[in-house]
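Student: no sequence on this one, just coordinates:
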């Protein structure tokens, strides 16, 4: 069965192996990402494991201290982190979504002031 014409050098067997590995590892995010790429016909380069960020990385990105990041989490503004072993990490996409929502909120306020 041919999955896609373009996998940037990855044959069907390699793609299926990636999917099988993700299923065996019980990595739901990776399984979903691979399945989505297969359905959408995207390249396997998009099948990467989701990017994770530490509290220190988020603090640097926001130019805040780590305690301020934890306050945002406690207030429910940022999602709770996932646990990777003893470490706590956030999906980078969740952090980007939070920033996007802040930007949309700011832009909405600016439009109301002008209008």
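Tutor: Happy to help now that I have it. The model shown is predicted, which means the values in this text are computed figures rather than measured ones.
Student: Any stretches of this protein with poor pLDDT?
Tutor: Filtered on pLDDT under 70, the chain yields the residue ranges 1-12, 40-49, 110, 113, 115.
Student: What ranges does it have for its strands?
Tutor: Shown for the chain, the strands assigned by DSSP state E span residues 52-53, 82-84, 87-91.
Student: possible to save those as JSON lines with distance to residue 16?
Tutor: Placement of C-beta: from N, CA and C, glycine included. Converted to JSON lines, the strands of the chain look like this (distance: least, Cβ to Cβ, whole Å):
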{"stretch": "strand 52-53", "distance to residue 16": "25"}
{"stretch": "strand 82-84", "distance to residue 16": "26"}
{"stretch": "strand 87-91", "distance to residue 16": "25"}
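Student: most tightly surrounded among those strands?
Tutor: Highest mean neighbour count of those: strand 52-53, a mean of 18 (counted as mean count of other Cβ atoms under 10 Å).
Student: Could you report the neighbour count for residue 20?
Tutor: If you count neighbours by other Cβ atoms under 10 Å, residue 20 ends up with 12.
Student: Would you mind measuring from it to residue 79?
Tutor: 29 Å (Cβ to Cβ, to the nearest Å).
Student: closest one to residue 102 among the strands of the chain?
Tutor: strand 87-91 (15.4 Å; Cβ to Cβ).
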